[in-house]
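Participant: below is the structure, and that's it, no one-letter string:
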């Protein structure tokens, strides 16, 4: 009986911690890459049309906003949002950066998620080694995380 109560309390506490922790979605690739190198984690680059793309919004609601994804992301990746909004104002430097990365990774549709390992060379330049890409995966967070984990 004590063991069951202990397990229940630990589960509730863990769920509360995960839901209380908000994810950080970086928008500056240089800073995100430096952080990822320091943390020894790959980048999850989320190419999205946040204010117009229905599938992007659906992926956010069904996967990225769930406690299961939050827990997985905090342990496994550094998150980067590369947004292509139509109505929301965006800083010119971020817009330019996002377009360059869109071209580099040949992103043609949204949502597209690329997993990359950033590496800083001797000239302090960042190289991105591709691990794979995905998009919207039906089936909720468990299915999406399974596909993502297979690339890492």
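Facilitator: Cool, the structure landed. This is a predicted model, so every value here is computed, not measured.

Participant: use CA for all of it now, contacts and neighbours both
Facilitator: Will do.

Participant: run a quick neighbour tally on residue 91.
Facilitator: By other Cα atoms under 10 Å, 7 other residues sit near residue 91.

Participant: any idea how far it lies from residue 48?
Facilitator: 16 Å (Cα to Cα, to the nearest Å).

Participant: just residue 71 next, same as before
Facilitator: For residue 71, the distance to residue 48 equals 22 Å [Cα to Cα].

Participant: swap in residue 127?
Facilitator: Per Cα to Cα, residue 127 is found 22 Å from residue 48.

Participant: which of these two has more residues huddled nearby?
Facilitator: Just comparing residue 127 and residue 48: by other Cα under 10 Å the higher neighbour count belongs to residue 48, 24 against 13.

Participant: what's opposite the more buried one in the beta bridge?
Facilitator: residue 83 (DSSP bridges).

Participant: surely it and residue 56 touch.
Facilitator: Yes: applying Cα atoms under 8 Å, one finds residue 48 in contact with residue 56, separated by 6.0 Å.

Participant: got the contact list for residue 84?
Facilitator: 47-50, 95, 98 (Cα atoms under 8 Å, 6 or more residues apart in numbering).

Participant: got it, and residue 66?
Facilitator: Neighbouring residues of residue 66 by Cα under 8 Å, 6+ apart: residue 141.

Participant: what's the closest non-adjacent residue to residue 148?
Facilitator: If the residues on either side of it in the chain are set aside, residue 148 comes closest to residue 134, at 7.5 Å by Cα to Cα, 6 or more residues apart in numbering.

Participant: what count of nearby residues applies to that neighbour?
Facilitator: 15.

Participant: quick check on it: phi, psi?
Facilitator: Dihedral pair for residue 134: phi -150, psi -170, per degrees, to the nearest 10.

Participant: next: residue 90.
Facilitator: phi -140, psi 140.

Participant: since we're on it, how many residues are nearby?
Facilitator: 12.

Participant: after the lowest-mean-pLDDT helix or strand in the chain comes which helix or strand?
Facilitator: Taking mean pLDDT, DSSP states H and E as the measure, helix 2-20 is the helix or strand of the chain with the lowest mean score, a mean of 47. Sequence-wise, the next helix or strand downstream of helix 2-20 (DSSP states H and E) is strand 25-26.
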